[in-house]
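> with the input below, show me the fold.
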Amino acid sequence: MREGLLWFDPDKRRGPAEKLDDAAARYFERFGRAANLCHVNSAEVFSHPSIKVVPDPAVLKGHFWLGRDEEQPAGQRRRRKIA
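Numbers count the residues shown, from 1 in each chain. The predicted model follows:
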């Protein structure tokens, strides 16, 4: 991963996949392409339908380190919202 976005969401009422969706939307907004890789704390690993989630003990709980693994196949493309 050459560039990434660190996202923090401590809300315990929302699931991790929903939080990751928000982080992925922000990543796309900022970098103009979809993320396909997310590092999370080893105790908080979960599965996501379009983003590979990997354990990383260096990532704090409640944080998502989101980016692109260029060696992974491209996932679904998201369309930009035009305001």
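> what's in contact with stretch 46-57?
Contact with stretch 46-57 is made by 16-17, 20, 24, 34-42, 45, 65-66, 69, 72, 75-76, as judged by Cβ atoms under 8 Å, 6 or more residues apart in numbering. From N, CA and C alone the C-beta is placed, and that goes for glycine too.
> ah, wrong one, I meant stretch 15-32
Stretch 15-32 is contacted from outside by 3, 5, 7, 9, 11, 34-35, 38, 40, 44, 46, 48-49, 51, 53, 64, 66-67, 78, 80, using Cβ under 8 Å, 6+ apart.
> the same query, at a cut-off of 6 Å, please.
Stretch 15-32 is contacted by residues 5, 7, 9, 34-35, 38, 46, 48, 64, 66, 78 when judged by Cβ atoms under 6 Å, 6 or more residues apart in numbering.
> now intersect the contacts of stretch 46-57 with the helices, please.
Among these, the subset assigned to helices under DSSP state H consists of 16-17, 20, 24.
> any regions of the chain where pLDDT drops low?
For the chain, applying pLDDT under 70 flags the ranges 72-83.
> repeat that for 50
76-79, 83 (pLDDT under 50).
> quick one: the strands in it?
For the chain, applying DSSP state E gives strands covering 4-8, 37-40, 52-55, 63-67.
> let's have the ones you listed in a markdown table, adding distance to Glu29 and mean neighbour count.
Below are the strands of the chain laid out as a markdown table (distance: least, Cβ to Cβ, whole Å; neighbours: other Cβ atoms under 10 Å):
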| stretch | distance to Glu29 | mean neighbour count |
| --- | --- | --- |
| strand 4-8 | 10 | 15 |
| strand 37-40 | 16 | 23 |
| strand 52-55 | 20 | 14 |
| strand 63-67 | 12 | 22 |
